[in-house]
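Student: Sequence first, then the predicted structure, then my questions.
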Amino acid sequence: MRALITNDDGIGSAGLVALAKAAVGHGWSVVVAAPAVEASGTSAGLSGAGGDGRIAVDRRDLPGLPGVPAHAVAAHPGLIVLAAAQGAFGDPPDVVLSGVNHGANVGRAVLHSGTVGAALTASLNGARALAVSLDVGLEPPLRPHWDTAVAVAATLFDRLAGLPPGAVLNLNVPDRAEAGPPQRAGLAEFGTVRTRVEHTGDGAISLAAVVVEGELPPDSDARLLAEGHPTVTALRSVTEDPGVRL
């Protein structure tokens with residue numbers, strides 16, 4: 001299997017390197033292409049930094065990944081995956097691994113995630129995809145447990161490879177030294193942490209992350225993750241809704 005490793009935290013993320021190492025260790029042919037700078041919250045956006053239609057791509061050497069091609073791209077992860085599907089970094093990938101994201105991606109808010117957006121873009125272009133996120137909370141530790149996230153993710157690699165092209169899995173892992181097998185979960189309406197828009201009074205708005213009080217639905221990704229379980233959710237990319245009458 002040919003695997004593209006990307007993320008929305010940027011080429012310098014330790015989670016990206018950890019996930020790439022896991023894919024190499026699994027025997028896959030790996031290429032890394034990730035945003036040159038952080039691109040969190042960009043969903044499946046196709047924005048790039050080039051004003052003339054040209055987007056800068058710089059080769060990088062990543063620690064612990066000798067011989068693995070790595071590219072810092074001045075673009076959002078959705079565009080990077082689209083470019084990869086069209087041969088920008090060699091043969092199109094069979095599998096796209098996106099992450100490990102610094103923070104959980106649960107509930108319907110996955111719509112806004114660049115990590116998940118990259119996986120959904122891969123799906124639309126015929127690849128299987130796995131988005132991986134580590135639940136570091138609102139006060140992230142100095143040393144997140146990247147190894148725990150990739151260890152859980154690696155248990156899904158063969159299952160992912162056996163799924164039909166276009167399949168997407170969204171994995172969230174608690175930030176702890178050890179974690180059990182992932183449990184299948186549905187999408188919660190919202191997670192334990194939400195983004196709140198606040199009016200500043202001077203004609204502008206600001207964004208703040210807040211903890212949401214209240215009961216989370218049983219068997220939802222937000223509830224199971226809050227209880228300390230890794231969660232995996234199968235996602236469906238954009239499709240028509242035959243149930244709506246026009």
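Tutor: The structure has been received and is ready for your questions.
Student: least trustworthy helix or strand in the protein by mean pLDDT?
Tutor: Within the chain, no helix or strand scores below strand 205-211, which has a mean of 62 by mean pLDDT, DSSP states H and E.
Student: Please state the offset of the helix or strand following it from the chain centre?
Tutor: Past strand 205-211, heading to the C-terminal end, the next element that is a helix or strand (DSSP states H and E) is helix 221-226. Here helix 221-226 is found 17 Å from its chain centre; the criterion is Cα atoms, centre = their mean, to the nearest Å.
Student: per-residue confidence averaged over helix 221-226?
Tutor: Average pLDDT, helix 221-226: 93.
Student: That one - contacts with which helices or strands?
Tutor: strand 168-174, strand 231-235 (3 or more Cβ pairs under 8 Å, 6 or more residues apart in numbering; DSSP states H and E). From N, CA and C alone the C-beta is placed, and that goes for glycine too.
Student: Could you export the helix or strand where residue 152 lies as CSV, keeping only the C-alpha atoms?
Tutor: Per DSSP H and E: residue 152 is located in helix 146-154. C-alpha atoms of helix 146-154 as CSV (Å, rounded to 0.1, in the frame of the first residue of the first chain):
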residue,chain,number,x,y,z
TRP,A,146,1.8,10.4,20.6
ASP,A,147,3.0,6.8,20.9
THR,A,148,-0.4,5.8,22.4
ALA,A,149,-2.3,7.4,19.6
VAL,A,150,-0.2,5.7,16.9
ALA,A,151,-0.3,2.3,18.7
VAL,A,152,-4.1,2.4,18.6
ALA,A,153,-4.1,3.7,15.0
ALA,A,154,-1.8,0.8,13.9
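Student: Quick check: what element follows that helix along the chain?
Tutor: By DSSP H and E, the next helix or strand past helix 146-154 is helix 157-161.
Student: Could you pull up the mean pLDDT of that following helix?
Tutor: Averaging pLDDT along helix 157-161 yields 98.
Student: List the contacts of that helix.
Tutor: Helix 157-161 has contacts (Cβ atoms under 8 Å, 6 or more residues apart in numbering) with 1, 22-23, 26, 28, 94-95, 128-130, 167, 169.
Student: try 10 Å
Tutor: Outside helix 157-161, the residues that touch it by Cβ atoms under 10 Å, 6 or more residues apart in numbering are 1, 3, 22-23, 25-28, 94-97, 128-130, 153, 167-169, 171, 232.
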